[in-house]
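> Provide a 3D model corresponding to the input given below.
(chains A, B, C and D)
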4 protein chains.
Amino acid sequence: MAVRTPDPDPADDGEERDPLSPPFATGQNGPSTNPGWLSEVELAEARRRLPMLYVEALPVRTDGMGAVTQVGILLRATPLGEMTRTLVSGRVRYGETVRDALFRHVENDLGPMAFPLLPPQPTPFTVAEYFPLPGVSAFHDDRQHAVSLAYVVPVTGTCEPRQDALEVTWLSPQEAASDALSDEMEGGRGTLIRLALASVGALR
Amino acid sequence: MAVRTPDPDPADDGEERDPLSPPFATGQNGPSTNPGWLSEVELAEARRRLPMLYVEALPVRTDGMGAVTQVGILLRATPLGEMTRTLVSGRVRYGETVRDALFRHVENDLGPMAFPLLPPQPTPFTVAEYFPLPGVSAFHDDRQHAVSLAYVVPVTGTCEPRQDALEVTWLSPQEAASDALSDEMEGGRGTLIRLALASVGALR
Amino acid sequence: MAVRTPDPDPADDGEERDPLSPPFATGQNGPSTNPGWLSEVELAEARRRLPMLYVEALPVRTDGMGAVTQVGILLRATPLGEMTRTLVSGRVRYGETVRDALFRHVENDLGPMAFPLLPPQPTPFTVAEYFPLPGVSAFHDDRQHAVSLAYVVPVTGTCEPRQDALEVTWLSPQEAASDALSDEMEGGRGTLIRLALASVGALR
Amino acid sequence: MAVRTPDPDPADDGEERDPLSPPFATGQNGPSTNPGWLSEVELAEARRRLPMLYVEALPVRTDGMGAVTQVGILLRATPLGEMTRTLVSGRVRYGETVRDALFRHVENDLGPMAFPLLPPQPTPFTVAEYFPLPGVSAFHDDRQHAVSLAYVVPVTGTCEPRQDALEVTWLSPQEAASDALSDEMEGGRGTLIRLALASVGALR
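Below you'll find the model as predicted:
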């Protein structure tokens, strides 16, 4: 299957055009004076020269005792029209906290009614390293070198996928850890799901 | 100040008399046949010969992004009438999961309307070892050798302390990490609070 | 296959007869006066009434950069003469630190020349809960309710299995995570190996 | 005191001119064709527009049981000649694994005879976020937005500081956690030391 980038959607480019969130957004009135602004060309250039910082989230449902009962996997259409499965994923912007980036991408992908419970801890369950060349690590991304802080995020509301995420499929931990699902995940993220499940004691 | 045990209250003895939760409670009809039952004498005896397994929780309030804003400290009256500050704490029963024990003690100490969000992860932020002799570790308990799995637990409802917990005081992370509070905490739990705050990135 | 206890060997009973390590061992001159001493009958009794605290270790070999390259699995003969695979495992004694217990059991099972590098962190990679009834958790032990703090422990020397451990087999992470090995592991420890591998980023 | 960047030394700029390590370094024969190459101007530009990925290490000495006994703090001369205290710290290069970056910077700062034991786990003890504006987080860096994966790294050999690190001072955990030391640390790294100590159970 096609292995594409953690954040291949137009939103990623689009977001660069948005005014940045405070305290870094004060006073800019155009691309040339906003230090956080990157044109598409510049972003593409940076991607070939610097590791890009990402956050990823595995949305889960928990029972009343906090144990994970279900795992949410996104169905996504690539720009080429291929269907692929992935996690919530996106870049950390200049001036943005990791926590804010995580919240923003969860909301972008799952909608405003997902009501995620971001973990109090800043430490990810793993650090996933995506390299352009396959085989350097378990993860790869032919577009860039990305380093991703990955979190398990319980959601308590209703998920309404947005942007290019077409659907959220809720699976049991056992289904989510299966080889069948792993083969459908892009960029090696089947491994990421297993590491996530292991971190919550839900991998067998 | 008096340094007493993590679970010195009558409830701990009382709980031993309760029927155990399934699947271990089926069919017992008296102390002599219930394998999970320990008389007060037997429990006291075991405490001098085996490390006792405990769970502890630092209740916290979080903002909408999951960051810790407040920390809940219990004010407790010892059997001798002394006032002391402590955390949610209690023993894991025979046949009980760590998660169930954590939930039970949070509910016991904070009331049924606290609506705690137990973490999906089974791993504690630290393992606190209480020894009868001070100085072996940062923690001590003159009654027993206890090994405690300690968790940060966000609560979303209203805390109504029960049993011998008189009050929950909500403090800022900064206040909770202060030497002043640490001096009031029993058994070295001022250190435990700091480790908890560190785990959520709220210690300066 | 037979599913037996984390520490079914005579050594476990035998260790109870040893003088305890300081500071709790001073001055005892017999079973009746040593508060940490448990007769076999008493230990058996306690096992039916209290959760027992264990430590477990997955021995690993690492490359010069700290990445796990191999995993050590013990081949063990049960009292009934069956061969079974397991991890380093054993009980925490009264008065003993978790760290001391971990070191003692690694040395007991792997010999004095294993030169283990115990992790600086006190937090285990998971808390494995063994129940006498299968199905309560991923782990079970028909002899007792045991709660085990599980660690990954790099070893740098030569492992010479002792006591009832017959052999240490070194496997690649991939072999160690296989279903084939998992089926040979006692008490659900195939799951424990996978959680260990996940914690070091070596699970695919 | 002056608060400067995690990696203000000439080595950081210099390193960009080095051929990159495989597999990304094949075939380049000049700045214009090496995709990982950044001129000083370009790097400065990227720093104003993208979060930069860093690794940091707190070197420690451990006893035979793995417990932390000492903490190594670097004394460093800033380009302006000021003396400041800091940790091992540096940027992750394009195409470089986090583990390789960590090893490289430990070796750069502590010399080739330090013999560090990198942790098997990829997860940092915390994620430290440095912002150009003070107050957004506990950490700041007036030169850039940097996100740092921070690790505790036991060293077993002899540390011979190199480059602009003048000296390694070994302190007890208690000294390292003191307000006095914290005031001397640049960019809020006194907090980072405390979080590191908490992660190894060595903070009181």
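> where does chain A dip in pLDDT?
A:1-37 (pLDDT under 70).
> which phi and psi does the most centrally placed residue in it have?
For chain A, the residue nearest the mean C-alpha position is residue A:89 (0.9 Å; CA atoms, centre = their mean). In terms of degrees, to the nearest 10, the main-chain angles of residue A:89 are phi -160, psi 140.
> on contacts alone, who are the packing partners of the longest helix along chain A?
Taking DSSP state H as the criterion, chain A has its longest helix at helix A:98-110. Under the contact criterion of 3 or more CB pairs under 8 Å, 6 or more residues apart in numbering or on different chains; DSSP states H and E, helix A:98-110 touches strand A:52-62, strand A:88-91, strand A:146-154, strand A:165-171. (C-beta placed from N, C-alpha, C; glycine too.)
> out of those strands, nearest to chain C?
strand A:146-154 (11.0 Å; CB to the nearest CB).
> okay, that closest one in CSV with CA atoms only?
The C-alpha coordinates for strand A:146-154 follow below in CSV (Å, rounded to 0.1, in the frame of the first residue of the first chain):
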residue,chain,number,x,y,z
ALA,A,146,9.6,13.2,11.3
VAL,A,147,9.9,12.5,15.1
SER,A,148,6.6,11.9,16.7
LEU,A,149,5.6,12.1,20.3
ALA,A,150,2.8,9.5,20.6
TYR,A,151,0.0,9.5,23.2
VAL,A,152,-3.1,7.5,24.1
VAL,A,153,-6.0,9.8,24.4
PRO,A,154,-9.4,8.7,25.8
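> now do it against strand D:52-62, angle only.
Counting by axes from the mean of the first three to the mean of the last three CA atoms, to 10 degrees, strand A:146-154 lies at 80 degrees to strand D:52-62.
> give the partner strands of strand A:146-154 in its sheet and their orientations.
Within its sheet, strand A:146-154 is paired with strand A:52-62 (parallel), strand A:126-131 (antiparallel), according to DSSP bridges.
> let me have the ones you listed in a markdown table, extended by mean neighbour count.
Formatted as a markdown table, the strands paired with strand A:146-154 follow (neighbours: other CB atoms under 10 Å in any protein chain shown):
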| stretch | mean neighbour count |
| --- | --- |
| strand A:52-62 | 23 |
| strand A:126-131 | 25 |
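> hmm, residue A:104 is touching residue A:90, no?
Yes: contact status for residue A:104 versus residue A:90: in contact at 7.2 Å, counting by CB atoms under 8 Å.
> more neighbours: the two, which one.
residue A:90 (23 against 18; other CB atoms under 10 Å in any protein chain shown).
> so who does the residue lying closest to that one once chain neighbours are set aside touch?
Distances taken as CB to CB, 6 or more residues apart in numbering or on different chains put residue A:105 closest to residue A:90, at 3.7 Å, once the chain neighbours are dropped. Taking CB atoms under 8 Å, 6 or more residues apart in numbering or on different chains, we find residue A:105 in contact with A:55, A:57, A:88-90.
> then residue A:50?
A:145, D:38, D:46, D:50, D:52-53, D:94.
> what does residue A:139 give?
Residues near residue A:139 by CB under 8 Å, 6+ apart: A:128-131, A:148, A:187-189, A:191-192.
> and the gap between residue A:38 and residue D:48?
The spacing between residue A:38 and residue D:48, counted by CB to CB, to the nearest Å, is 10 Å.
> please identify which of these two sits among more neighbours.
The neighbour comparison of residue A:38 against residue D:48 (other CB under 10 Å) goes to residue A:38, with 23 against 16.
> count the residues that sit near residue A:196.
For residue A:196, using other CB under 10 Å, the count is 31.
> assign it to helix, strand or coil.
Look at residue A:196: counting by DSSP: H, G, I helix; E, B strand; the rest coil, its state is helix.
> hang on, isn't it packed against residue A:119?
No: look at residue A:196 against residue A:119 with CB under 8 Å: they stay out of range, at 11.9 Å.
> now the common contact residues for those two.
Contacts common to residue A:196 and residue A:119, judged by CB under 8 Å, 6+ apart, are residue A:152.
> buried ones in stretch A:159-179?
A:159, A:161, A:164-165, A:168, A:173, A:176-178 (16 or more other CB atoms under 10 Å in any protein chain shown).
> first-to-last residue distance for it?
End-to-end span of stretch A:159-179 (CA to CA, to the nearest Å): 25 Å.
> and the contacts of it?
Among residues not part of stretch A:159-179, those counted as contacts by CB under 8 Å, 6+ apart are A:9-11, A:59, A:61, A:68-77, A:83, A:85, A:108-111, A:113-114, A:181, A:190, A:193-194, A:197, A:202-204.
> among these, which are in helices?
A:10-11, A:108-110, A:181, A:190, A:193-194, A:197.
> and which of the residues you listed is nearest chain C?
The closest of the ones in helices among the contacts of stretch A:159-179, once distances to chain C are taken by CB to the nearest CB, is residue A:194, at 5.8 Å.
> quick one: the closest one and residue A:202 touch, right?
No: applying CB under 8 Å, one finds residue A:194 not in contact with residue A:202, separated by 9.9 Å.
> before we move on, back to that, what subset of the ones in helices among the contacts of stretch A:159-179 is buried?
A:11, A:108-110, A:181, A:190, A:193-194, A:197.
> dump these into JSON lines; add distance to residue B:135 as well.
Compiled in JSON lines, these are given as follows (distance: CB to CB, whole Å):
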{"residue": "A:11", "distance to residue B:135": "57"}
{"residue": "A:108", "distance to residue B:135": "53"}
{"residue": "A:109", "distance to residue B:135": "52"}
{"residue": "A:110", "distance to residue B:135": "51"}
{"residue": "A:181", "distance to residue B:135": "52"}
{"residue": "A:190", "distance to residue B:135": "49"}
{"residue": "A:193", "distance to residue B:135": "45"}
{"residue": "A:194", "distance to residue B:135": "43"}
{"residue": "A:197", "distance to residue B:135": "41"}
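> ok, residue A:48 touching residue A:144?
Yes: using CB under 8 Å, residue A:48 and residue A:144 qualify as a contacting pair, with a distance of 7.5 Å.
> what's the first-to-last distance across stretch A:73-86?
6 Å.
> sorry, back to before: how about the ones in helices among the contacts of stretch A:159-179 in a markdown table, adding distance to residue C:98?
Formatted as a markdown table, the ones in helices among the contacts of stretch A:159-179 follow (distance: CB to CB, whole Å):
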| residue | distance to residue C:98 |
| --- | --- |
| A:10 | 52 |
| A:11 | 47 |
| A:108 | 43 |
| A:109 | 41 |
| A:110 | 40 |
| A:181 | 37 |
| A:190 | 34 |
| A:193 | 31 |
| A:194 | 28 |
| A:197 | 26 |
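> now, which of those residues sits nearest chain D?
residue A:194 (14.2 Å).
> now do the end-to-end distance for stretch A:151-161.
End-to-end for stretch A:151-161, by CA to CA: 19 Å.
> let me redo that: stretch A:86-93
Per CA to CA, the first residue of stretch A:86-93 is 21 Å away from its last.
> and that stretch, how far out from the chain's middle?
The chain centroid and the centroid of stretch A:86-93 are separated by 3 Å, computed with CA atoms, centre = their mean, to the nearest Å.
> again with stretch A:180-196
13 Å.
> repeat for stretch A:150-158
Distance, centroid of stretch A:150-158 to centroid of chain: 12 Å (CA atoms, centre = their mean).
> residue in chain A nearest to chain C?
Closest point on chain A to chain C, by CB to the nearest CB, is residue A:198, at 3.3 Å.
> who's in contact with the spatially closest residue to that residue that is not a sequence neighbour?
Of all residues not flanking residue A:198 in the chain, residue C:198 sits nearest, at 3.3 Å (CB to CB, 6+ apart). For residue C:198, the contact set (CB under 8 Å, 6+ apart) comprises A:126, A:194-195, A:198-199, A:203.
> am I right that residue A:129 is in contact with residue D:98?
Yes: the criterion here is CB under 8 Å, and residue A:129 meets it with residue D:98 at 6.3 Å.
> common neighbours of those two, please.
Joint contacts of residue A:129 and residue D:98 (CB under 8 Å, 6+ apart) are residue A:147.
> brilliant, that's me finished.
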